[in-house]
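K.L.:
here is a sequence with its predicted model. Questions after.
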Amino acid sequence: MSRKGKVLVAMSGGIDSTVTALMLNKEGYEVVGITMKTWDYAASGGSKKETGCCNLDSFNDARQAAVEHGFAHYILDIREEFGDFVIENFVEEYLAGRTPNPCVLCNTHIKWRALLKRADALGCEFIATGHYAKVRQQDNGRYVISKAVDETKDQSYVLWGLQQDLLRRTLLPLGPYRKTEIRQMALEFGYPELAKKHESYEICFVPDNDYRGFLKRRVAGLEERVAGGNFIDKNGKILGQHKGYPFYTIGQRKGLEIAFGKPVFVTRIDPDNNTVMLGDEEDLEQQEMTVGKLNLIKYDQVSPGMEAVTKIRYKDKGSLSTLNPENGTMKVRFYENAKGIAPGQSAVFYEGDDVIGGGIIQSVVSS
């Protein structure tokens, strides 16, 4: 029995998860590696070769690291549970005129739960991943996620949905380090090729980044169902025809195939009437939004009027706002208008570096 305990480490075969496993192994944990197959890319009908975390090379890289350092490694097939939940939600959200964030759903509802279930079966006290974030226990007993030291790599935004029973057993060893330090560790562990390995930022089941093509292949007759809708302005004037509302996202400027002599942006999507509203860049600004499907992390409740920095997308720097709980949702009011709030995306509330909680953007109120 290890003096530090037994930990199940999610290993994708990439640099971050591999260094996580090797770091914990070196620190004295009894490490068990597990690689999760979430998606069979051949089934998506994409035009590129299989890439990212769900290919044989990645599985082999993860297994090789485990063998070389003397700890067990397993491959876990979760394609069925992943597909039923994450992919169906992805499709349904676009058909509802919203912009989903499948990585958040996958982390919070699939990967962590799958890890915890297998950790229990293997007698592991902890689970660990290669995410850049920190987790700690507060004096009030609650576990809190906070930003990584390397803010350019910080992934706390995509972890807002983790509940207390998951955080209680989660280790995030990369939080105190910068990416450059992790690359150096890979070299020191004897993996120079890993230090140079390409990182994939694509959605794993849309590795060619063509979500429109994925929707067309996934939903029979989709193009015929949504064809013939109108582009309109904020006064309802018809500006032209679009190719189907699911193929557009809030803030989109390129690929509209409509000329105005100036830049125009998608400002609203109405699936019921199959219309896509276009406007100027300032028309993307809103001061209020409603956030649902909440998960509070730092506190078990939020006091009305609490100040927080709210991020509305992964690379968003965040904007100062006030939070007001209302009937199971959170009303968020920005001090200065936020640009490009997209229903379906995640909103994450911060107090300093700590994640107060987060949820899914339901609706916006124009300024």
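P.N.:
Received, thanks.

K.L.:
quick one: low-confidence residue ranges for the stretch 201-350 of the chain.
P.N.:
Counting by pLDDT under 70, the low-confidence segments of the stretch 201-350 of the chain come to 201-202.

K.L.:
what segments of it are helices?
P.N.:
Residue ranges of the helices in the stretch 201-350 of the chain, as given by DSSP state H, counting those that start in this stretch, are 211-218, 222-226.

K.L.:
any chance of those helices in CSV, with mean neighbour count and distance to residue 330 too?
P.N.:
Quick note: C-beta positions are derived from backbone N, CA and C, even for glycine. Shown next, in CSV, are the helices of the stretch 201-350 of the chain (neighbours: other C-beta atoms under 10 Å; distance: least, C-beta to C-beta, whole Å):
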stretch, mean neighbour count, distance to residue 330
helix 211-218, 18, 28
helix 222-226, 15, 31
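
K.L.:
want to throw these into a markdown table with distance to residue 269?
P.N.:
What follows is the helices of the stretch 201-350 of the chain, written out as a markdown table (distance: least, C-beta to C-beta, whole Å):
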| stretch | distance to residue 269 |
| --- | --- |
| helix 211-218 | 14 |
| helix 222-226 | 11 |
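
K.L.:
which secondary structure elements does whichever strand or helix holds residue 180 contact?
P.N.:
Using DSSP states H and E, residue 180 maps to helix 179-188. Contacts defined by 3 or more C-beta pairs under 8 Å, 6 or more residues apart in numbering; DSSP states H and E place helix 179-188 against helix 15-27, helix 192-195.

K.L.:
tell me which of those lies nearest to residue 127.
P.N.:
helix 15-27 (11.0 Å; C-beta to C-beta).

K.L.:
for residue 77, phi and psi?
P.N.:
Residue 77 adopts backbone torsions of phi -90, psi 110, taken as degrees, to the nearest 10.

K.L.:
ok, now which ones touch it?
P.N.:
36-37 (C-beta atoms under 8 Å, 6 or more residues apart in numbering).

K.L.:
so what pairs up with it in the strands?
P.N.:
residue 37 (DSSP bridges).

K.L.:
ok, it to residue 7 distance?
P.N.:
22 Å (C-beta to C-beta, to the nearest Å).

K.L.:
endpoint to endpoint, stretch 264-275 covers what distance?
P.N.:
Taking C-alpha to C-alpha, to the nearest Å, the first and last residues of stretch 264-275 lie 15 Å apart.

K.L.:
what comes up buried for it?
P.N.:
264-269, 271, 274-275 (16 or more other C-beta atoms under 10 Å).

K.L.:
give me the distance from it to the chain's centre.
P.N.:
24 Å (C-alpha atoms, centre = their mean, to the nearest Å).

K.L.:
next, residue 250: phi, psi?
P.N.:
Dihedral angles (degrees, to the nearest 10) for residue 250: phi -60, psi 130.

K.L.:
returning to that earlier point: so which of the helices of the stretch 201-350 of the chain comes closest to residue 25?
P.N.:
Going by C-beta to C-beta, the one of those nearest residue 25 is helix 211-218, 37.6 Å.

K.L.:
residues making contact with stretch 300-310?
P.N.:
142, 296, 318-325, 330, 332, 334, 338, 347-351, 356-357.

K.L.:
do I have it right that residue 124 meets residue 10?
P.N.:
No. At 11.7 Å, residue 124 does not count as touching residue 10 under the criterion of C-beta atoms under 8 Å.

K.L.:
assign residue 80 to helix, strand or coil.
P.N.:
Following DSSP: H, G, I helix; E, B strand; the rest coil, we place residue 80 in the helix state.

K.L.:
that one: neighbour count?
P.N.:
8 (other C-beta atoms under 10 Å).
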